[in-house]
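Asks: What shape does this take:
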Amino acid sequence: MKIVATNIGERKEIDWKGKTVTTGIFKFPVEKPIFLDVEKVKDDAICDREYHGGIDQAVYAYSEKHYAYWKELYPSLDWKHGMFGENLTVSDLEESQLHVGDTFKVGEVIIEVTKPRQPCMKLGVRFNDMKIVKQFWQQNIPGVYFKILQTGYVKSGDKFEQIKSCPQNPTIEEVYKTKREAKFTSKK
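Replies: The predicted structure is shown next:
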């Protein structure tokens, strides 16, 4: 695994069906290294602290290989890295292989796998189509949140060097399936 793109977004207010929505999901690649701090990516907008930022979700990563699936469903979009609101687009991030607690050295930082992303309506806003939210829930490719154990800079090309493995813990895919089951079972 390596970083293919580092992505930052600004706070943005948009009109969504007559309602003002404030979001930081519109992230775009930057050429410079980005600083991963304890609770967030420096200079990246976080508009909903309940679901983004904080100790256990300081940085969000999504796999570049997953883009192919979504491009088939949404071929008319102007595809760039950062489309899913991720700070790190990673070459081959595999949710079924990453366990909660797995730890990596990347660039200057040490990061720990914490949880999967749960899609919200702002992903629909980003795609200009609310169908994406349900489609995202139905797939087992949610991306990964990381905790920052050692702050510092990362940049495109930085490789993930695993320094701790936790095979006794559930994978991100297993955690995501459990969350999906709980979410959709409780609505019945």
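Asks: Would you pull up how far the longest helix along the chain lies from the middle of the chain?
Replies: Longest helix in the chain by number of residues (criterion: DSSP state H): helix 172-186. The chain centroid and the centroid of helix 172-186 are separated by 17 Å under CA atoms, centre = their mean, to the nearest Å.
Asks: Could I get the average pLDDT for that helix?
Replies: Helix 172-186 shows a mean pLDDT of 89.
Asks: What are the buried residues along that helix?
Replies: Buried residues in helix 172-186, counted by 16 or more other CB atoms under 10 Å: 172-177, 180. (C-beta placed from N, C-alpha, C; glycine too.)
Asks: need those in JSON lines with distance to residue 40, can you?
Replies: JSON lines is the format used below for these (distance: CB to CB, whole Å):
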{"residue": "172", "distance to residue 40": "20"}
{"residue": "173", "distance to residue 40": "25"}
{"residue": "174", "distance to residue 40": "27"}
{"residue": "175", "distance to residue 40": "22"}
{"residue": "176", "distance to residue 40": "22"}
{"residue": "177", "distance to residue 40": "28"}
{"residue": "180", "distance to residue 40": "26"}
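Asks: and the spatially most central residue of the chain, which of the three is it?
Replies: Compute the mean C-alpha point of the chain, and by CA atoms, centre = their mean the closest residue is residue 60, 3.3 Å away. Here residue 60 is strand, with the state taken from DSSP: H, G, I helix; E, B strand; the rest coil.
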